[in-house]
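Chemist: this is a predicted model, with the sequence first.
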Amino acid sequence: MNRHSKTTGSGQVSIETYLDGENNDLDVVILPSYGRDGGEDFDVFTAALVAAGYRVLRPQPRGTAGSTGPMSGVTIGDLGDDVAGVIDRLGHGPAVVLGHAYGNFVARTVATDHPGTVRAVVLAAASTRAVPPEIDNAPFRAGDLTLSDEERLAALRLAFFAPGHDASVWLSGWYPRTLAMQRAAVTGIDIGRYWGAGQAPILEILADSDPFHPRSQWDDLRTQFGERVTSAVVEDAGHALFPEQPAAVADAAITYLRAMTRPNRRTTT
């Protein structure tokens, strides 16, 4: 898709943001997964949201596209500040912030530290608190460009893509410096502080074949936070989710966005 972008920031940080859609009272901000940018992975999803009448902002992580800033000593709070700054400068008030995979940590951080910028949070293929080590380490094998394609494909098939899907589409599109920076930013993170995304309403989009969030733990957020959480399940998808089922993810998100102002939202699985 044709991308329009603006670069904003302060101090040492400049964030390039892709902007799609007409001016609208409700912006949707998309935050990508570990070590990847917010471009091609989300183009089909973004086009669907724009067609439904929403304006989409895709702030690119430091080290990707035209985004720059310190790449060491960075905290998850710093990454949340980057996103909140984009919303303040380019948004039209509080936004719906969607975090995919690793991006869920950043989305939760924005909602916790900058509640005035967030209307709701969408957690797309977010992990549970306890992930098996082999699965948890898969992003760092997949994004390690010094490994062979076979080793990286094995990590992608294990942890990211549902059976029968072409995992090779994610052999490209990785940014090792960004991946290392993001990994360090969540080391020692106070999960309890950010887990609830402040007091924002939450939509969790669950992938039915996501080893980072198995079916046995699909009720974890709703058990803890009750009616503040709405759940939707996307079938035939893994942790990568967006390159696998972009239309289904868009349907889930648009359904939620249209229902946001209705009272007594009901959870579904």
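Modeler: Noted; the coordinates are in hand. For clarity, every value in this text was computed on a predicted model and none was experimentally measured.

Chemist: low-confidence ranges in this structure?
Modeler: For the chain, the stretches with pLDDT under 70 are 1-2, 261-269.

Chemist: if we go to 50?
Modeler: 265-269 (pLDDT under 50).

Chemist: helices of that one, start to end?
Modeler: Using DSSP state H, the helices found in the chain span residues 43-51, 76-90, 103-113, 133-136, 138-142, 149-159, 176-185, 191-194, 220-225, 246-259.

Chemist: ok, which of these comes nearest S10?
Modeler: Nearest to S10 among the helices of the chain is helix 76-90 (6.6 Å), distances taken as C-beta to C-beta. (Each C-beta comes from the backbone N, C-alpha and C, glycine too.)

Chemist: tell me how far the residue in the chain sticking out farthest from the centre lies from A155.
Modeler: Centroid-distance maximum for the chain: S148 at 27.0 Å, with C-alpha atoms, centre = their mean. Per C-beta to C-beta, to the nearest Å, S148 is found 11 Å from A155.

Chemist: wait, Y194 sits on A107?
Modeler: No - applying C-beta atoms under 8 Å, one finds Y194 not in contact with A107, separated by 9.4 Å.

Chemist: ok, these two, which is more surrounded?
Modeler: A107 (30 against 23; other C-beta atoms under 10 Å).

Chemist: got the contact list for that one?
Modeler: By C-beta atoms under 8 Å, 6 or more residues apart in numbering, the residues touching A107 are 31, 83, 97-99, 121-123, 197.

Chemist: now do D136
Modeler: So D136 contacts 127, 212 (C-beta under 8 Å, 6+ apart).

Chemist: just E150 next, same as before
Modeler: Here E150 is in contact with no residue (C-beta under 8 Å, 6+ apart).

Chemist: I'd like to know how many residues surround L26.
Modeler: 18.

Chemist: with adjacent residues omitted, what lies nearest to it?
Modeler: Among residues not flanking L26 along the chain, Y54 sits closest, at 6.1 Å (C-beta to C-beta, 6 or more residues apart in numbering).
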